[in-house]
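1. Got a sequence here, can you model it:
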Amino acid sequence: MNGGAGDAANPVELIIDAHAEIGEGPLWLAAENVLVWVDITRNKVHRYDPASGRNVTIDVGQPVGAAVPRAAGGLALALQDGFATLDLRTGRVEMIADVERDNPGNRMNDGKCDRAGRFWAGTMAFDERHGAGALYRLDVDHRVEMVVDDVTVSNGLDWTPDDTAMYYIDTPTGGVDVFDYDAGTGTLRGRGRHVTIASGQGHPDGMTVDAEGYLWVALWGGWAVHRYSPGGTLDRVIDLPVSQVTCCAFGGPTLEDLYITSAAGGLSDEDLSAQPHAGGLFRYRPGVRGRPAHSYFG
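-> Residues are numbered from 1 along each chain as shown. This next block holds a predicted model:
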């Protein structure tokens, strides 16, 4: 089904007209050839099979900011109360590490695993209060370490192909920052600005890095995904038929499909009339490949 955007030769496809409140975190499970994604505030983990077109949901009982594959089987989750595991066969959720559980005004948001199997995810206040969140690292022994504090809306992150730097988005700052990254210890230093989103182009949300080292950034309020070069130059704009574009990730057997999530939450009736597929899951084939998702080793 054509979503009505992209470009004439290569349109964006609407895959699931899900009307997600806050669709987020698409992630390709290569072992099963399925896409996992979440609807944060509806407490749902989705599992989409492109071969059959079937999309199955699991209610995990609390807001879920991210889901990643777990080497031992199933998924690891970033939930409101902290990190957990999910058995996809039974739907059982088991908490493995608390994160800000004593602060009911906060929840976990976007997250991803590094090559060493550590799970990184951040927090934010439900009311998006300035500086209320942080970025955390869950090690394979289930220990949690705060790695960045004074965060407002912890969002997309990913690493350079050579693992020497990590990109990170705190949405209200209006851009993508970059840290020097020690892959052996999982430590960060030397934060700097890598990309600044121009005024009026939306707010940076989720992101991914492709096999060529280019950044793909979803723009909340921007009706688009932008691709930036490793040097930070805007390389390409992918237009979407929805305003609240939340995240993107490569999938498919050859990692040539860019899956894009969106949100319908907070839109007025007039907005929803103008963008009836808000909250949908979209797919775009950009002619480049992504990189395999890393699993949590704990």
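2. okay, the residue nearest to Asn33 when sequence neighbours are not counted: pLDDT?
-> In space, and not counting its chain neighbours, Asn33 is closest to Pro253: 6.2 Å by C-beta to C-beta, 6 or more residues apart in numbering. Just so you know, the C-beta spots here come from the backbone N, C-alpha and C atoms, and that holds for glycine as well. What the model reports for Pro253 is a pLDDT of 96.
3. With Thr208 instead?
-> Thr208 is given a pLDDT of 98.
4. quick check, Phe172 in a helix?
-> Residue 172: Pro, not Phe. Yes. Judged by DSSP: H, G, I helix; E, B strand; the rest coil, Pro172 forms part of a helix.
5. shouldn't it be in contact with Thr152?
-> Yes. Using C-beta atoms under 8 Å, Pro172 is in contact with Thr152, at 4.8 Å.
6. Among those two, which residue is more densely surrounded?
-> Thr152 (18 against 15; other C-beta atoms under 10 Å).
7. residue contacts, the more buried one?
-> 124-125, 128-133, 170-173 (C-beta atoms under 8 Å, 6 or more residues apart in numbering).
8. one step back: neighbours of the residue nearest to Asn33, just the number please.
-> Neighbour count of Pro253, defined by other C-beta under 10 Å: 11.
9. what stretches of the chain score poorly on pLDDT?
-> 1-9 (pLDDT under 70).
10. Show the buried residues in the contacts of Thr152.
-> Buried members of those, counted by 16 or more other C-beta atoms under 10 Å: 124-125, 132-133, 170-171, 173.
11. The residue nearest to Asn33 contacts Val34, doesn't it?
-> No. Taking contacts as C-beta under 8 Å, Pro253 lies outside contact range of Val34: 11.2 Å.
12. with the contacts of Thr152 in mind, which one is nearest to Asp269?
-> Set against Asp269, the nearest of those by C-beta to C-beta is Glu128 (23.1 Å).
13. Now tell me what touches stretch 72-82 from outside.
-> Against stretch 72-82 from outside (C-beta under 8 Å, 6+ apart): 36, 45, 60, 62-70, 83-89, 93, 95-101, 106-111, 113, 119, 121, 138, 144, 296, 298.
14. Only whichever of these are buried, select them in ChimeraX.
-> For the buried members of the contacts of stretch 72-82, the matching ChimeraX selection, counting by 16+ other C-beta under 10 Å, is:
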select :36,45,60,62,63,64,65,66,67,68,69,70,83,84,85,86,88,93,96,97,99,100,106,107,108,109,110,111,113,119,121,138,144,296,298
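15. gap between Thr254 and Trp223?
-> 28 Å (C-beta to C-beta, to the nearest Å).
16. Strands of the stretch 51-200 of the chain, start to end?
-> 54-59, 64-69, 75-79, 82-86, 93-98, 106-113, 119-125, 133-138, 144-151, 154-159, 165-170, 175-182, 187-196 (DSSP state E, counting those that start in this stretch).
17. The fifth one packs against which elements?
-> It stands for strand 93-98. On a contact count with 3 or more C-beta pairs under 8 Å, 6 or more residues apart in numbering; DSSP states H and E, strand 93-98 meets strand 75-79, strand 82-86.
18. 7 Å instead, please
-> With contacts defined as 3 or more C-beta pairs under 7 Å, 6 or more residues apart in numbering; DSSP states H and E, strand 93-98 has these neighbours: strand 82-86.
19. Count the residues that sit near Arg193.
-> 12.
20. Identify the bridge partners of it.
-> Beta-bridge partners for Arg193, by DSSP bridges, are Asp177.
21. Would you check how far apart it and Cys247 are?
-> 21 Å.
22. now the end-to-end length of stretch 279-298.
-> 32 Å (C-alpha to C-alpha, to the nearest Å).
23. And that stretch, what's buried?
-> 279-284, 286, 288, 290-291, 293-298.
24. Over to stretch 235-253?
-> Judged by neighbour count using 16+ other C-beta under 10 Å, the buried positions of stretch 235-253 are 236, 238-252.
25. Alright, calling it a day.
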